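Colleague: Provided below are the primary sequence and the corresponding predicted coordinates.
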Amino acid sequence: MASLPSVLPARPAVQDDTTTLDQIHASVGKITSPEITPIYICTVHKCFRLFPNQRNLTAHSKKDHGLDAVDEKNVVTWNTLAPSNTTMNTQS
């Protein structure tokens, strides 16, 4: 299984010209963990779409990429992937 790289592929950025310095200083950040903030990134054909759970990633892989199961080499996550024989179970 892939792990989260320190840098994801670059894409052009849009400059934020509306946020003030006061807004930046007033913002609140939070340290998180895989249990609190799960993240799954699809890397099939450089897709790089983000998903909050493996079920959504699996549905995306099937619908948009025509895959029957999620292959761990096509996912970047800091969470543990469920076995591939259970990834298509969308009941919850």
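Modeller: Sure, I can see it.
Colleague: All the helices of the protein, in order from the start?
Modeller: Along the chain, the stretches classed as helices by DSSP state H are 21-26, 54-65.
Colleague: ok, and for the longest one, which residues are buried?
Modeller: So the one you mean is helix 54-65. 54-55, 57-58, 60-62 (16 or more other CB atoms under 10 Å). Where you see a C-beta, it was placed from the backbone N, CA and C, and this is true even at glycine.
Colleague: again with stretch 70-83
Modeller: 70, 74-77, 79, 81.
Colleague: Dump those residues into TSV; add distance to Pro34 and pLDDT as well.
Modeller: Formatted as TSV, the buried residues of stretch 70-83 follow (distance: CB to CB, whole Å; pLDDT from 0 to 100):
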residue	distance to Pro34	pLDDT
Val70	17	83
Asn74	19	88
Val75	13	90
Val76	13	90
Thr77	8	90
Asn79	5	84
Leu81	12	80
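Colleague: Can you tell me which of these comes closest to Cys47?
Modeller: Distance ranking of the buried residues of stretch 70-83 against Cys47, using CB to CB, places Asn74 first at 8.6 Å.
Colleague: so the closest one makes contact with Cys42?
Modeller: Yes - with contact defined as CB atoms under 8 Å, Asn74 and Cys42 form a contacting pair (6.7 Å).
Colleague: Where do the strands of this structure begin and end?
Modeller: Counting by DSSP state E, the segments of the chain that form strands are 40-42, 50-51, 75-77.
Colleague: among the buried residues of stretch 70-83, which two are most distant?
Modeller: Asn74 and Asn79 (14.8 Å).
Colleague: now the chain, which segments are flagged as low pLDDT?
Modeller: Counting by pLDDT under 70, the chain shows low-confidence ranges at 1-8, 84-92.
Colleague: Could you rerun that using 80?
Modeller: 1-11, 82-92 (pLDDT under 80).
Colleague: Now for Phe51, how many residues are close by?
Modeller: 19 (other CB atoms under 10 Å).
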